[in-house]
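# Below are the sequence and a predicted model for it; my questions follow.
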Amino acid sequence: MQSSCKRNKQVYIAKKITLSSTEQKKLQNCDFAQFLPQELTLKIFSELDIQSLSNAAMACKTWNDLIENTDSLWYNHCLTVLAVCKRELQCDRASGHSWKVTLMRNYKKSNIKQAWLDGRYSYIHSATELLQNSMCEMDADTWGEILETELER
């Protein structure tokens, strides 16, 4: 079968491949990270969100080693946290923490801080209205930012 893409003026040739049942079973059980070039595997992993990337790291030892030892996979996720927790990220990076450690240290805090700044907790009448799992330790500067935002409302 031959198909062409006139827009890019490239011709792609695809062959119909028939696999035996043994070959199909081997292919189903194979780990793409073992067969693809590492750059391509890292590109695939870089498209995952934080939760999916963490889950992929738990899938097998090969993936875990690759994900845990590739700091650049965590960098883009840190940029989303940077928008809310700039000071905290800068301190962690200055202390020599990797992008992954920096993200893990600040991810929950950034989500909670953003919720406070968005006004999600502006009309709380009692402490029981705050969910236990929605709170985390924050420093005085962070609480100062939140208080300033609340006073402006």
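Thanks, I have it.
# From now on I want contacts and neighbour counts done on CA atoms only, so please keep to that.
Will do.
# Give me the distance from stretch 139-148 to the chain's centre.
Computed by CA atoms, centre = their mean, to the nearest Å, the chain-centroid distance of stretch 139-148 equals 26 Å.
# again, but for stretch 49-67
For stretch 49-67, the distance to the chain centre is 11 Å (CA atoms, centre = their mean).
# Let's see that stretch as CSV, backbone CA atoms only.
In CSV, the C-alpha atoms belonging to stretch 49-67 read as follows (Å, rounded to 0.1, in the frame of the first residue of the first chain):
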residue,chain,number,x,y,z
ASP,A,49,0.7,15.0,33.0
ILE,A,50,2.1,14.8,36.5
GLN,A,51,-0.2,12.0,37.7
SER,A,52,0.4,9.9,34.6
LEU,A,53,4.2,10.5,34.7
SER,A,54,4.2,9.4,38.4
ASN,A,55,2.1,6.3,37.5
ALA,A,56,4.4,5.5,34.6
ALA,A,57,7.4,5.6,37.0
MET,A,58,5.6,2.8,39.0
ALA,A,59,4.9,0.6,35.9
CYS,A,60,8.3,-1.1,35.7
LYS,A,61,11.9,-0.7,36.8
THR,A,62,13.1,0.4,33.3
TRP,A,63,10.6,3.2,33.2
ASN,A,64,11.2,4.2,36.8
ASP,A,65,14.9,4.5,36.2
LEU,A,66,14.4,6.5,33.1
ILE,A,67,11.8,8.9,34.6
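# buried residues in the longest helix along the chain?
The longest helix of the chain (DSSP state H) is helix 99-117. Residues of helix 99-117 classed as buried by neighbour count (16 or more other CA atoms under 10 Å): 99-103, 106-114, 116-117.
# what's that helix packed up against?
Contact here means 3 or more CA pairs under 8 Å, 6 or more residues apart in numbering; DSSP states H and E; on that basis helix 99-117 packs against helix 72-82, helix 86-94, helix 140-152.
# Point out the most buried one among those helices.
Across the helices and strands packed on helix 99-117, the average number of neighbours (mean count of other CA atoms under 10 Å) peaks for helix 72-82, which reaches a mean of 18.
# helices or strands next to that one in the packing?
Judged by 3+ CA pairs under 8 Å, 6+ apart, the packing partners of helix 72-82 are helix 38-46, helix 99-117.
# now what about the first one, what contacts it?
The contact list for helix 38-46, computed with CA atoms under 8 Å, 6 or more residues apart in numbering, reads Phe32, Ala33, Leu53, Ile67, Leu73.
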